[in-house]
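Novice: only geometry, no sequence info:
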């Protein structure tokens, strides 16, 4: 079978399913971040007004309120890291023989998890990693827009939080239904069934070409099970081929989670005119909505532009260059502050930094996730996608740990 014989993705159904699955993986987490005001209000000492448009004075926060964003991020990322590690490195050795005896749709049930989802996308053309990343970007945008609507309506915080969680549950249900529809798609079946067989045939043909002319052995037709015909996959061998992409996506999210939202959410507006409402909407709009919109734009751009290429030195250079955003945000009007001077006090600086920060996060992370599985053989692409997801999660966890240090330095 060749790519020329591949069936069409009718109505872009597989693309849409991966988009919904990407949306489902991050929408619950984004709603938890969006409901920060509700959680911190529950941690506040004494009486507190549970309305969406209340502004809590940052100087009055207790230790639980001030550390909530850091702790919540760390508690969310560590379990994600552990389970993507299990999915990426252990399933090949521990579960392969067991799962080969089970029905295919049960075997791939782990694709609901983020790691396996990128693994499945790795078997398809590179463009099918983009809808996952784009769906994840839309999740943040939708959550931020919901926050702003709640603020504008003046809804009680507990009502808004309840609405967030119900919406997340509905989207998760939609993602599960979409996932079970995925194996029924002819386009997906073609690539998943040919994942191992194509590379196996290629290796045998290469061995025949090395033999003297007329001496190529005629191989008997054997009836092999899927497990016996599947080429051996070495996790560490694959990592040697994709380590640049893996470390790049890890570094991208280390920088992002290191400052967002732990540092960026504490930036205060310098425009405090009475009755203009900007003080209420500054963080929801300039931090959460702007970040998620530009992140989504960056992730989606890879559907039409994939520069620099997978072998270009510019990709890791641009990834490392994002380190500059750490001091830039720390020198904005973060309050309270004790050690560092405030250099970029005007709101415009913060907004410009946020645009560049979020767009580069989405674009570079999406590039890395698309390129990683394409740097290995076809039968190794699924494992390469799972490894990339592990390093993405590693970056999230390391960034969550560093966020404590970054905030304490200010």
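Specialist: On my side now, so go ahead. Everything numeric in this text was worked out from a predicted model, so none of it was measured.
Novice: In stretch 119-133, which of the residues would be classed as buried?
Specialist: 119-124, 126, 128-133 (16 or more other CB atoms under 10 Å). All C-beta atoms are positioned from the backbone trio N, CA, C, and that covers glycine.
Novice: Residue 400 touches residue 257, doesn't it?
Specialist: Yes - in this structure, residue 400 is within contact of residue 257 by CB atoms under 8 Å, at 5.4 Å.
Novice: Just give me the residues shared between the contact sets of the two.
Specialist: 73, 77 (CB atoms under 8 Å, 6 or more residues apart in numbering).
Novice: one step back: the buried residues of stretch 119-133 in helices, which ones?
Specialist: Counted as lying in helices by DSSP state H, out of those, are 119, 120, 121, 122, 123, 130, 131, 132, 133.
Novice: Lowest-confidence one in those residues?
Specialist: Across these, the bottom pLDDT score, 72, is held by residue 119.
Novice: what's the burial count for residue 361?
Specialist: Neighbours of residue 361 under the rule other CB atoms under 10 Å: 24.
Novice: ok, now which ones touch the closest residue to it other than its chain neighbours?
Specialist: In this structure, residue 361 finds its nearest non-sequential neighbour in residue 256, 4.8 Å apart by CB to CB, 6 or more residues apart in numbering. By CB under 8 Å, 6+ apart, the residues touching residue 256 are 322, 357, 361, 395, 399.
Novice: which residues make contact with stretch 328-338 from outside it?
Specialist: Under CB under 8 Å, 6+ apart, the answer for stretch 328-338 is 58-59, 259, 263-264, 266-270, 340-345, 349-350, 353, 357, 406, 409-410.
Novice: Return the subset of the residues you listed lying in strands.
Specialist: Of those, none are assigned to strands by DSSP state E.
Novice: Of the residues you listed, just the buried ones, PyMOL syntax please.
Specialist: Applying 16+ other CB under 10 Å to the contacts of stretch 328-338, the buried members can be selected in PyMOL as follows:
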select buried, resi 259+263+264+266+267+268+269+344+349+350+353+357+406+410
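Novice: Show me where the stretch 1-150 of the chain dips below the pLDDT cut-off.
Specialist: Per-residue confidence for the stretch 1-150 of the chain (pLDDT under 70) gives these ranges: 1-4, 45-62, 64-65, 84, 86-116.
Novice: So which residues of it form helices?
Specialist: 13-34, 36-43, 63-85, 91-94, 96-99, 104-107, 114-123, 130-153 (DSSP state H, counting those that start in this stretch).
Novice: Comparing these, which comes out most buried?
Specialist: helix 114-123 (a mean of 26; mean count of other CB atoms under 10 Å).
Novice: Summarise which helices and strands that one is packed against.
Specialist: In terms of contacts (3 or more CB pairs under 8 Å, 6 or more residues apart in numbering; DSSP states H and E), helix 114-123 is packed against helix 13-34, helix 63-85, helix 130-153, helix 186-210, helix 381-409.
Novice: out of the ones you listed, which comes closest to residue 174?
Specialist: helix 13-34 (6.1 Å; CB to CB).
Novice: Now do the closest one: which elements does it pack against?
Specialist: By 3+ CB pairs under 8 Å, 6+ apart, helix 13-34 packs against helix 63-85, helix 114-123, helix 130-153, helix 157-181, helix 186-210.
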